[in-house]
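Engineer: Structure, please.
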Amino acid sequence: MKYLPINKQLFIYNRKNFVSRLKPTSIAVFNANEEYTRSGDQNFVFKQNPDFFYLSGIDQEQSILVLYPECPNPLYREVLFLRQTNEHIAIWEGHKYTKEEARTASGIEAIYWLQDFDAIFHSIVNYAEHVYINTNENDRYLPGVPSRDLRFLNDLRIKYPLHKYERSAPILRDLRVVKSEIEIELTQKACDITHDAFVRVLKFVKPGVTEYEIEAEITHEFLRQRATGHAYTPIIASGFNANVLHYIDNNQVCKDGDVILFDWAAEYANYNADMSRSIPVNGRFTQRQRQVYDAVLRVMKQATQMIVAGTVWNEYHEEVGKIMTGELIDLGLLDRHDVEKQDPKAPIYKRYFMHGTSHHLGLDVHDYASRYKPFEVGNILTCEPGIYIPAENLGIRLENDILITEGGNFDLMGNIPLEAEHIEEIMNS
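Structural biologist: Numbering: from 1, shown residues only. Next up, the predicted model:
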């Protein structure tokens, strides 16, 4: 891993909270993510299962975590199974965790090799009544092939058909959404790296550069500062491309007079930032570009004020839609009379602002959380309004990451240039 070691107290704390919510006489099993073949004998870059990492701090493939707080054998109440290395693996793949390194990273004392899993698990599972299995229940995820966890569940049902099988996901949905101090620090680190990359880009962009050259500058800065890399596939969308919400080709020349919409951010220690900005290629917004930019910025500032404990998801988005509608009328994009006659179930502001304003952020960019639970202290949410006008080859989106605090909220990206004058100043310095 490129990132610096994480305080193991984070994972000890997370496991304590998780097992406190289990039913009596329960055992829970978590599998690391699978390795996915890219071609021939090559795999895609490994990305750890966020739930497994949340509870263990282990960033390695072919690992299993077992939690059994009431195990009659105290040796097996927390057990981590790792792939045992050998000379061949060391030569071809490099270093793998030693048992001592895994203890230091996770705070788990009982570390065994993966080959011991079946025997140890069989020796304790029959003393448990409930078996908790981890599944990806993020409502943005549409399952395709069965995951390792689901295949593991099918095997268990054959071997132990009379156990009661439970879902870990509802517990983790409540826990992961409330960030601890260490998680906030890691997210802030990702935001700070993103800040430095953005300032670097502001000084780099000029007419004639390509979108992929900008992407290269961002990647350079991310890796230089120990980021894992991009939190998600970066969007560098100049001119008309900004009207494609998930534009990732990044292969066009940035033209004088156009605006570039950025949506990219760093991942650090598996925690993600998420930022959007819109900048003029030549360093100066036109009058119309500035009008649209300022309208989006006003919506963003008002929406940010609503990201506080107790806010209800749907009500929040409806209120932001009303604010956006007023701005679109002032920009001449909507007619007030058409707004009065609109179908409330299909508000016409969505012609120009068709996505949501916020999502939870954490180990997943669109983090695992309930859409139906009011916002809480410790939540981190994005705030990302936008206006997209294909007829004007213009798209503006602005996005910061907001931590909900006891007294309101704190902008984790508050130091990243946002005001149009500040952006122009840096680009022309």
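Engineer: My assumption is that I58 lies in a helix; please confirm.
Structural biologist: No - counting by DSSP: H, G, I helix; E, B strand; the rest coil, I58 is not part of a helix but coil.
Engineer: Now do the phi/psi pair for it.
Structural biologist: As for I58, its main-chain torsions (degrees, to the nearest 10) stand at phi -90, psi 120.
Engineer: neighbours around it, how many?
Structural biologist: 24 (other Cβ atoms under 10 Å). (C-beta placed from N, C-alpha, C; glycine too.)
Engineer: Find the centremost residue of the protein, please.
Structural biologist: V365 (1.6 Å; Cα atoms, centre = their mean).
Engineer: Assumed that one was part of a helix.
Structural biologist: No - counting by three-state DSSP, V365 falls outside a helix, being coil.
Engineer: so where's the stretch 1-150 of the chain uncertain?
Structural biologist: 143 (pLDDT under 70).
Engineer: thinking again about what came up before, and the residue nearest to the centre of the chain, how close does it get to A119?
Structural biologist: 39 Å (Cβ to Cβ, to the nearest Å).
Engineer: again, but for D249
Structural biologist: With Cβ to Cβ as the criterion, D249 and A119 are 51 Å apart.
Engineer: what's the answer for V29, then?
Structural biologist: Distance from V29 to A119, by Cβ to Cβ: 15 Å.
Engineer: Same drill for these two, tell me which one is more crowded.
Structural biologist: Comparing V29 with A119 by neighbour count (other Cβ under 10 Å), the higher total belongs to V29, at 23 against 9.
Engineer: Count the residues that sit near the residue nearest to that one when sequence neighbours are not counted.
Structural biologist: Closest residue to V29 apart from its sequence neighbours, by Cβ to Cβ, 6 or more residues apart in numbering: V66 at 5.5 Å. Other residues near V66 come to 23 when the count uses other Cβ under 10 Å.
Engineer: Now do the buried residues in stretch 374-388.
Structural biologist: Neighbour counts using 16 or more other Cβ atoms under 10 Å place 375-388 of stretch 374-388 among the buried residues.
Engineer: I'd say L80 and L55 touch.
Structural biologist: No - if you go by Cβ atoms under 8 Å, L80 and L55 don't touch, sitting 9.9 Å apart.
Engineer: between those two, which one's more packed in?
Structural biologist: The residue with more neighbours, out of L80 and L55, is L55; 29 against 26, by other Cβ under 10 Å.
Engineer: A helix includes that one, no?
Structural biologist: Yes - applying three-state DSSP, one finds L55 inside a helix.
Engineer: Quick one: residues contacting it.
Structural biologist: Counting by Cβ atoms under 8 Å, 6 or more residues apart in numbering, L55 makes contact with F11, N14, R15, F18, F30, L65, L67.
Engineer: what's the longest helix in the chain?
Structural biologist: For the chain, the helix with the greatest residue count under DSSP state H is helix 181-204.
Engineer: and the next element down the chain from it?
Structural biologist: helix 211-224 (DSSP states H and E).
Engineer: If anything else comes up later, I'll come back, but that's it for now.
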